[in-house]
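Q: Quick one: sequence and predicted model below, then my questions.
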Amino acid sequence: MKKPVLVIMAAGMGSRYGGLKQIDPMDEWGNPIIDFSIFDAKRAGFEEVVFIIKHEIENEFCSAIGERISKYMKVSYAFQQLDMLPEGITVPEGRTKPWGTTHAIYCAKDAVGDRPFAVINADDYYGPEAFRVLYDFLTTNEDENRHALVGYLVENTLTEHGSVSRGVCTVNEEGCLSNIVERLKIFKRPDRIEFTEDDETFTTIEAGTYVSMNCWGFMPSLFAGLEEVLKKDLPSGIEKNPLKFEAVLPGAVQQLIEENKASVKVLSTIDRWFGITYKEDKPMVVQSIKDLKAKGVYTEKLWS
């Protein structure tokens, strides 16, 4: 079996954050949050990282992240380009918004090739356990159509500073994903967790529910599946909302599960996720990293 690679989705421009949050330092040594994920991946066994970025941020990203990380791991790039679409689909006039996370992974197919791969977001902290269980899965799994998802407890993934989007999971008796639904507006309340789809009706999500934080383990067969999903979803999405439609990865995986083209093992973790969706999240992230260093999870200078 070929050595798995780590794929990091880093093409977002950080509109809600107010800048390129992928490169914003989170400790006094200048390490952004992405460094801690790469550090954890390296000590789990990963040796190569593929960054999915946009050409618009290429120079800044490569200077701040890629050149530095290349001292510790092999670095490759994939570019999420609007016109990198399945045959027969064209970009609507006036479209500038990226096509979403399904398309981001689709754009990495040449960089990844025929190797198994893990997928994470650039601006999320996942914890060491996620990379250990993913590496173990990707180096032992022999079923080309069996993939993996690291499931986080919903209560371990929320922010105090607004709504968040999460793929809410249902897990069957075999420990596999049977359903994943993207909830775009989940709120942490003082006494409960709830989501809304219309800003009027709110539904409770029970504590202990697994959610996806886009922390996946995929076999290379996924690329063919994603292409088929995009061929189906993009034309109808473009017709309904040509400038803003996005194809999200949890939805694509759900389609493949329903069509019996894939199964997804849920790898549980009790590690706490944190991320920087909003500028107000940064002090919490900085403090959380200090706490992890104090516990010995990371050395003070990380790469020392």
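A: Nice, thanks for sending it over. Numbering: from 1, shown residues only.
Q: Against residue 256, how distant is the residue nearest to residue 106 when sequence neighbours are not counted?
A: Using Cβ to Cβ, 6 or more residues apart in numbering and skipping the chain neighbours, the partner closest in space to residue 106 is residue 226 (4.8 Å). For the C-beta atoms, the positions are set from N, CA and C on the backbone; glycine is no exception. Residue 226 is 8 Å from residue 256, where distance means Cβ to Cβ, to the nearest Å.
Q: ditto for residue 216
A: Counting by Cβ to Cβ, the gap from residue 216 to residue 256 is 12 Å.
Q: Over to residue 151?
A: For residue 151, the distance to residue 256 - Cβ to Cβ - is 18 Å.
Q: Those two - which one has more neighbours?
A: residue 151 (25 against 20; other Cβ atoms under 10 Å).
Q: Figure out the helix or strand that the residue nearest to residue 106 lives in.
A: Here residue 226 sits within helix 222-240, counting by DSSP states H and E.
Q: What helices and strands are in contact with that helix?
A: Counting contacts by 3 or more Cβ pairs under 8 Å, 6 or more residues apart in numbering; DSSP states H and E, helix 222-240 is packed against helix 101-106, helix 249-258.
Q: Kindly format the C-alpha coordinates of the next helix-or-strand element following the last one as PDB.
A: Beyond helix 249-258 on the C-terminal side, the first helix or strand identified by DSSP H and E is strand 263-269. These are the backbone C-alpha positions of strand 263-269, laid out as PDB (Å, rounded to 0.1, in the frame of the first residue of the first chain):
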ATOM      1  CA  SER A 263     -18.900   3.300   3.200                       C
ATOM      2  CA  VAL A 264     -17.400   5.500   5.900                       C
ATOM      3  CA  LYS A 265     -16.000   4.200   9.200                       C
ATOM      4  CA  VAL A 266     -16.400   6.700  12.000                       C
ATOM      5  CA  LEU A 267     -13.300   7.000  14.100                       C
ATOM      6  CA  SER A 268     -14.200   8.700  17.400                       C
ATOM      7  CA  THR A 269     -12.100  11.200  19.300                       C
END
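Q: Could you pull out the helices in the stretch 51-200 of the chain for me?
A: Counting by DSSP state H, counting those that start in this stretch, one finds helices in the stretch 51-200 of the chain at the ranges 58-61, 67-69, 101-106, 109-112, 128-140.
Q: Residue 212: which of those helices is closest?
A: The closest of the helices of the stretch 51-200 of the chain to residue 212 is helix 101-106. By Cβ to Cβ, the value is 10.6 Å.
Q: on that earlier part again, kindly present the helices and strands packed on helix 222-240 as JSON lines, with separate columns for mean pLDDT and distance to residue 288.
A: Shown next, in JSON lines, are the helices and strands packed on helix 222-240 (pLDDT from 0 to 100; distance: least, Cβ to Cβ, whole Å):
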{"stretch": "helix 101-106", "mean pLDDT": "97", "distance to residue 288": "24"}
{"stretch": "helix 249-258", "mean pLDDT": "94", "distance to residue 288": "25"}
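Q: wait, doesn't the residue nearest to residue 106 sit right on residue 100?
A: No. Counting by Cβ atoms under 8 Å, residue 226 does not reach residue 100; the two are 11.1 Å apart.
Q: quick one: which of these two has more around it?
A: Remark: of residue 226 and residue 100, residue 226 carries more neighbours, 26 against 21, as counted by other Cβ under 10 Å.
Q: gap between the more buried one and residue 56?
A: 23 Å.
Q: neighbours around residue 111, how many?
A: Residue 111 has 18 neighbouring residues, counting by other Cβ under 10 Å.
Q: Sorry, wrong one. I was asking about residue 210.
A: Neighbours around residue 210, by other Cβ under 10 Å: 21.
Q: For it, report the pLDDT, please.
A: pLDDT recorded at residue 210 is 96.
Q: Now do the contacts for it.
A: 151, 152, 153, 154, 168, 169, 171, 266, 268 (Cβ atoms under 8 Å, 6 or more residues apart in numbering).
Q: wouldn't the third one be in contact with residue 270 here?
A: Yes. Counting by Cβ under 8 Å, residue 270 is a contact partner of residue 153 at 7.0 Å.
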